[in-house]
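*Asks:* show me how the following folds:
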Amino acid sequence: MYGLPVPPEQWQSFAPGDRVFVRRGLDTEVTGVIDMIANDSSVFWVWGEAGRGRIALHIKDDASVWRV
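*Replies:* Numbering: from 1, shown residues only. Take a look at the predicted model:
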């Protein structure tokens with residue numbers, strides 16, 4: 001895979017344009033590019049590749065995020 005996921009308490013290290021792989025729950029996996037990040041880094045948006053659309057991730061979501 002891509003090593004260890006970035007813990008939510010370190011999401012402030014992300015920046016728009018970063019490429020990430022997201023696993024949310026057991027059935028959602030998306031590779032894409034970070035579009036926007038909230039000022040407090042508690043939520044960010046990812047444009048998924050291959051027409052997967054845009055998803056929002058909140059710090060309290062059941063999500064794991066890796067840098068690609």
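*Asks:* setting the sequence-adjacent residues aside, check what's closest to P16.
*Replies:* Excluding its sequence neighbours, the residue lying closest to P16 (C-beta to C-beta, 6 or more residues apart in numbering) is I34, at 5.4 Å. Using the backbone N, CA and C atoms, a C-beta is placed for each residue, glycine as well.
*Asks:* next helix or strand past the helix or strand containing that neighbour?
*Replies:* Element membership of I34 [criterion: DSSP states H and E] is strand 28-37. Per DSSP H and E, the first helix or strand lying C-terminal to strand 28-37 is strand 43-48.
*Asks:* sorry, back to before: residues near the residue nearest to P16, how many?
*Replies:* 20 (other C-beta atoms under 10 Å).
*Asks:* so what's it bridging to?
*Replies:* For I34, the beta-bridge partners under DSSP bridges are V46.
*Asks:* where does this structure have low pLDDT?
*Replies:* Counting by pLDDT under 70, the ranges of the chain that qualify are 1.
*Asks:* may I see the buried residues of stretch 34-54?
*Replies:* By 16 or more other C-beta atoms under 10 Å, the buried positions in stretch 34-54 come out as 34, 37, 43-46, 48.
*Asks:* so what's the residue count around the nearest residue to S41 once chain neighbours are set aside?
*Replies:* Leaving aside its chain neighbours, S41 sits nearest to Q12 (4.0 Å; criterion: C-beta to C-beta, 6+ apart). A count of nearby residues for Q12, using other C-beta under 10 Å, gives 13.
*Asks:* the one 4 residues further on now?
*Replies:* Other residues within reach of P16 by the criterion other C-beta under 10 Å amount to 11.
*Asks:* that one: what secondary structure?
*Replies:* Following DSSP: H, G, I helix; E, B strand; the rest coil, we place P16 in the coil state.
*Asks:* hmm, M36 and it touching each other?
*Replies:* Yes. With contact defined as C-beta atoms under 8 Å, P16 reaches M36; the gap is 6.3 Å.
*Asks:* great, nothing more from me.
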